[in-house]
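Engineer: One predicted model, sequence on top.
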Amino acid sequence: MKGSVLAASLLVPAALLAGACAATPRPPSMPEWSPPESALLAASAALSIDDERMRIPSPTEPEDLWPAQGLYLGGEVITCQPLGDFDGDVQLFGPTDEVLVPDLDVGPGLGAFLSYRWRMNELMLQASVTEHDGDFSSPSRSLDTRLLSLDLNWRHYFWEESPLQPYGLLGIGMSRAEVENGSTDQATETLSEDAELTDGINVNVGVGAALYTLPWVVFYGQALYRFNRYVTSDGIDGEFENTPDIDGDTFSLSFGAAFRLLPPRR
């Protein structure tokens, strides 16, 4: 009897607990996650960035060329050795006068130029003058001479990333020689006037090296051979053609400096 009562007392609470569990509703499920709209917009904007416009070059990136470019003004000192027919053995005869071509010594001179350099090339408009002691043997006289030239030269540089840049030079130009008391009369050879060898045609070949201590300051040394022919002469009676042309070749060494007036246009 007591066992039946105990069993009944245990079954009643169990039945009540089971009924309560069955009546309790299920908890709601978690919603699915999706990225916010602002994150989607930021991602799409990142994909549309123009990489070429946004890229910032590294400040340590080396330049392709040494930045020595622009308009330069320069000057030089020159030592010049006349060659060819400047040996004191040539006389040129006009209608009634003659022009003497003297034997010339090595002489000093000066030059000035205006140039424009871009990348590894440079064009130069250059004027120069050198002074020479000269003489002639028969008739014996002193014939000091001044040589003047105006040239358009082209330089091509090498070692583009170095401040020290060797170069080669080619050019053309014109020149004349002014000979003091270089014209005399054929009859007596007692009269004398200054003479000129004119219409000189130059072809220039040279080598040198330029040192850019700064992009706007350059020092250089150069060796130049000038092929030259004087076509006409001017004496007491005026101009006449030389037959044949006078060989007025020269060899010169020069040392100079230049300063940049204007940088290149960007």
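Structural biologist: Sure thing, it's come through.
Engineer: which regions of this protein lie under the pLDDT threshold?
Structural biologist: 1-66, 266 (pLDDT under 70).
Engineer: Tell me which stretches of the chain form strands.
Structural biologist: For the chain, the strands defined by DSSP state E cover 70-82, 87-93, 97-104, 107-118, 121-132, 134-137, 140-142, 145-157, 164-185, 192-214, 217-235, 238-247, 250-262.
Engineer: Which residues are in contact with the residue nearest to Trp118 when sequence neighbours are not counted?
Structural biologist: With CB to CB, 6 or more residues apart in numbering as the criterion, Trp118 has its nearest non-adjacent residue at 5.5 Å, and that residue is Gln69. Placement of C-beta: from N, CA and C, glycine included. Neighbouring residues of Gln69 by CB atoms under 8 Å, 6 or more residues apart in numbering: Arg117, Trp118, Arg119, Pro215, Pro263, Pro264.
Engineer: One more: Met174?
Structural biologist: Met174 neighbours (CB under 8 Å, 6+ apart): Ser149, Leu150, Asp199, Gly200, Ile201, Asn202.
Engineer: for Gln126, same thing?
Structural biologist: Gln126 neighbours (CB under 8 Å, 6+ apart): Gly111, Ala112, Phe113, Ser149, Leu150, Asp151, Leu152, Asn153, Gly173.
Engineer: Show the end-to-end separation of stretch 81-93, please.
Structural biologist: End-to-end distance for stretch 81-93, by CA to CA, to the nearest Å: 26 Å.
Engineer: Show residues contacting that stretch.
Structural biologist: Contacts to stretch 81-93, defined as CB under 8 Å, 6+ apart, come from residues 98-104, 106-107, 132, 134-137, 145, 147, 186, 228, 233, 235, 240, 242, 246-252.
Engineer: Tell me the buried residues within these.
Structural biologist: 98-104, 107, 132, 134, 136, 145, 147, 228, 233, 235, 240, 242, 246-250, 252 (16 or more other CB atoms under 10 Å).
Engineer: Compute the number of surrounding residues for the residue nearest to Asp105 when sequence neighbours are not counted.
Structural biologist: Closest residue to Asp105 apart from its sequence neighbours, by CB to CB, 6+ apart: Asp133 at 4.7 Å. As a burial measure, Asp133 scores 14 neighbours (other CB atoms under 10 Å).
Engineer: same check, this time on Gly173
Structural biologist: Gly173, neighbours per other CB under 10 Å, totals 20.
Engineer: Beta-bridge partners for the residue nearest the centre of the chain, please?
Structural biologist: The C-alpha lying nearest the average C-alpha coordinate of the chain belongs to Arg117 (CA atoms, centre = their mean; 3.5 Å). On the basis of DSSP bridges, Arg117 is bridged to Gly70, Glu122.
Engineer: Hmm, Gly70 and it touching each other?
Structural biologist: Yes - look at Arg117 against Gly70 with CB atoms under 8 Å: they come within range, at 6.6 Å.
Engineer: With distance to Asp89 as extra columns, can I get the contacts of Met174 in JSON lines?
Structural biologist: Below are the contacts of Met174 laid out as JSON lines (distance: CB to CB, whole Å):
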{"residue": "Ser149", "distance to Asp89": "24"}
{"residue": "Leu150", "distance to Asp89": "28"}
{"residue": "Asp199", "distance to Asp89": "22"}
{"residue": "Gly200", "distance to Asp89": "19"}
{"residue": "Ile201", "distance to Asp89": "22"}
{"residue": "Asn202", "distance to Asp89": "23"}
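Engineer: Tell me the buried residues within these.
Structural biologist: Ser149, Asp199, Gly200, Asn202.
Engineer: My read is that the last one contacts Ser149, right?
Structural biologist: So the one you mean is Asn202. Yes - the pair Asn202 and Ser149 qualifies as a contact (CB under 8 Å) at a distance of 6.2 Å.
Engineer: What distance do you get for the residue nearest to Gly109 when sequence neighbours are not counted to Thr79?
Structural biologist: Take Gly109 and drop its neighbours on the chain: the residue closest to it by CB to CB, 6+ apart is Thr130, 3.0 Å away. Distance, Thr130 to Thr79, by CB to CB, to the nearest Å: 8 Å.
Engineer: neighbour-wise, which of those two wins?
Structural biologist: Ranked by neighbour count (other CB under 10 Å), Thr130 and Thr79 place Thr130 first, with 23 against 14.
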